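Asker: Fold the following and give me the result.
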Amino acid sequence: MNIDRILGKFYQAQSWNAFSYVVYKILFYLVTLTLYKKLSSEDFSQWAIINSTTFLLLLWLDFGLRKSVPRFAPVFAQNNQLNKRFIATILIAKTALLILATPLFYWYTKNYLSHEKIIIVTACVLFVSEGMVAILQLIYHAYFWNKQINIVSTIMTSSSMLATLIAIYYYQNAHSLEVILSIRATASIGTVIASVIMLKYLFAYTQTYPTKAIEGENVTKLFVTHSAAMWVTTTLKSLSERNFLVPLIMHTLGAQAGGIFKVANDGALIFYRVVLKTIGSTDTSLLSHVEEEHKSSMNNAFRQLTIRVAALCLPLLGIVGLCSFNHACSIGTSAIFHLFILMTIAYLVETLLHPYERVLEVKRAYTYIAIAYIPYICLVIALASGYLTTLIGLYASVALIHAVRLVSLSIMASYAYRHYKVVFPLRVVLALAAGCAAFIFFARVTAYFFKINIPLSLLFSA
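Answerer: Numbering: from 1, shown residues only. You can find the predicted model right below:
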């Protein structure tokens, strides 16, 4: 593929990611509210536990594949036989891993789940099938088949959620949770079956790549090494995010501080995840295809990626800036308000620097990545001890966490700029920022003139 075609597929992939994510979030929010109102507190708690545990364990069991599969897909695609073996091996290994991890899933949730066998079995089936959906989506995204797989997953997910809404409204009884879990598990299995059937078309598509003689054993070793390195960085980064910080803050600073942090962080994540889910793994896929086919165009690909990221982040920063003019009491307490603003801005600024990290990952510059993570590792050690948060308090702890994350990314940006000559498109980003600033100004003047209040409380209503 030439560079223009690669960029075109990258743009299309982002559009389909955004579409799929918006549909999913709207329906998931409607289902969550409905289940909260209709299910018993025990059933809703079990449903929530199954959801959170499933996705948490799938993150831990990722083993770096989320970044290594998009990185090496264009390498294996250069040889049809190795490419088929690559995809088949990943699917077989992931299936075996999920089955072996099912007892861990059960052990982790057994204290919260009903002892009814059908709930336990369905929850385990859902865990395995969701894991398979995730790896199949990753494979298709690595080859820019976002449209095909997102259409399948959106149809299945939408159908299951609509069926759930119908079931909970018209067939509510003591077995509602079993029905809901069965509907979702059926949809996940359907997505897996459809995705596996589509693989023959994916193989036919990858045969359009120029076939080269590559050393399969050597590339496989590189893939395993890269997966391990990415697993380490993903695990480290998770130690400065919500699932680790909420219990830590509750333990060291008390339940009230933990609650304040969770509410503020959930609001900030609404903005952050819009960008993350839209970008998905397309950033790694774009840079990997360019690295393998048009290495001289890396700076151009980096520039286009950064512009797309900025085009997502800056309007969101503008919305936050516009809403932040309101009094803090509109969302309950000034503590939540200030932390929300701090974390939202920090998350979005971090996202602007993520393309530099992706360049280092694609270049397999593990030494530079390791050096950049030294301040971060020191922070994680200090957080794990529990003394840091107790000593400096909630506000300073959150500010320090995000400051260190930005320092690590800034170090990566410095290495990527110096060693790989990728240049940040400052003029374009400043032009976008100026447009967002103008939007804030005129929107605020209009709101003041027509006495329109723009509350932030809606972000925290869930």
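Asker: For Ser240, what is the enclosing helix or strand?
Answerer: Using DSSP states H and E, Ser240 sits in no helix or strand.
Asker: Pull up the per-residue confidence for it.
Answerer: The model reports Ser240 with a pLDDT of 82.
Asker: residue contacts, it?
Answerer: 376, 379-380, 383, 401, 404-405 (Cβ atoms under 8 Å, 6 or more residues apart in numbering). Backbone N, C-alpha and C define where each C-beta goes, glycine included.
Asker: Would you check how far apart it and Trp60 are?
Answerer: Ser240 is 16 Å from Trp60, where distance means Cβ to Cβ, to the nearest Å.
Asker: And whichever helix or strand Phe337 is part of, what's buried?
Answerer: According to DSSP H and E, Phe337 maps onto helix 334-362. By neighbour count with 16 or more other Cβ atoms under 10 Å, helix 334-362 contains the buried residues 335-348, 350-362.
Asker: so what does it touch, helix or strand wise?
Answerer: helix 65-76, helix 255-279, helix 282-293, helix 298-323, helix 366-372, helix 387-420 (3 or more Cβ pairs under 8 Å, 6 or more residues apart in numbering; DSSP states H and E).
Asker: Flag every buried residue along the longest one.
Answerer: Of the residues in helix 387-420, 388-389, 394, 397-398, 400-402, 404-406, 408-409, 411-413, 415-416, 420 count as buried by neighbour count, 16+ other Cβ under 10 Å.
Asker: Let me know the angle separating it from helix 255-279.
Answerer: 20 degrees (axes from the mean of the first three to the mean of the last three Cα atoms, to 10 degrees).
Asker: Now find how far off-centre the following helix or strand past helix 387-420 is within its chain.
Answerer: Later in the chain than helix 387-420, the nearest helix or strand by DSSP H and E is helix 426-449. Distance of helix 426-449 from the chain centroid (Cα atoms, centre = their mean, to the nearest Å) equals 28 Å.
Asker: could I get helix 426-449 in CSV with only the CA atoms?
Answerer: Output in CSV follows, covering the C-alpha atoms of helix 426-449 (Å, rounded to 0.1, in the frame of the first residue of the first chain):
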residue,chain,number,x,y,z
LEU,A,426,2.9,23.0,16.2
ARG,A,427,1.4,25.5,13.7
VAL,A,428,-1.6,23.3,12.9
VAL,A,429,-2.2,22.5,16.6
LEU,A,430,-2.0,26.2,17.6
ALA,A,431,-4.5,27.0,14.8
LEU,A,432,-6.9,24.4,16.2
ALA,A,433,-6.3,25.7,19.7
ALA,A,434,-7.1,29.2,18.5
GLY,A,435,-10.3,28.0,17.0
CYS,A,436,-11.3,26.3,20.3
ALA,A,437,-10.4,29.5,22.2
ALA,A,438,-12.7,31.5,19.9
PHE,A,439,-15.4,29.0,20.4
ILE,A,440,-15.1,29.3,24.2
PHE,A,441,-15.2,33.1,24.0
PHE,A,442,-18.3,33.4,21.7
ALA,A,443,-20.2,30.6,23.4
ARG,A,444,-19.6,32.1,26.8
VAL,A,445,-20.7,35.6,25.5
THR,A,446,-23.8,34.0,24.0
ALA,A,447,-24.6,32.1,27.2
TYR,A,448,-24.1,35.3,29.3
PHE,A,449,-26.3,37.4,26.9
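Asker: Please spell out the segments of this protein that come in under the pLDDT threshold.
Answerer: Residues of the chain meeting the criterion pLDDT under 70: 1-2, 112-115, 172-174, 206-216, 323-333, 447-448, 450-462.
Asker: longest helix anywhere in it?
Answerer: Taking DSSP state H as the criterion, the chain has its longest helix at helix 3-38.
Asker: residues of that helix that come out buried?
Answerer: Quick answer for helix 3-38 (16+ other Cβ under 10 Å): 3, 6-7, 9-10, 13-14, 16-21, 23-24, 27, 31, 35.
Asker: Stretch 366-379 now?
Answerer: 366, 368-369, 372-373, 375-376, 379.
Asker: give me the number of residues near Ala311?
Answerer: Ala311: 14 surrounding residues under other Cβ atoms under 10 Å.
Asker: so it makes contact with Ala431?
Answerer: No - Ala311 is not in contact with Ala431 according to Cβ atoms under 8 Å; the separation is 10.7 Å.
Asker: circling back to that earlier point, quick check: angle from the helix holding Phe337 to helix 282-293?
Answerer: Using the same axes, to 10 degrees: helix 334-362 against helix 282-293 is 20 degrees.
Asker: Check the offset of helix 334-362 from the chain's centre.
Answerer: Chain-centre distance of helix 334-362: 13 Å, with Cα atoms, centre = their mean.
Asker: Same check on stretch 58-65?
Answerer: 12 Å.
Asker: Now do the end-to-end distance for that stretch.
Answerer: Using Cα to Cα, to the nearest Å, the end-to-end distance of stretch 58-65 comes out at 11 Å.
Asker: got the buried residues for that stretch?
Answerer: Quick answer for stretch 58-65 (16+ other Cβ under 10 Å): 58, 61-65.
Asker: Thank you, goodbye.
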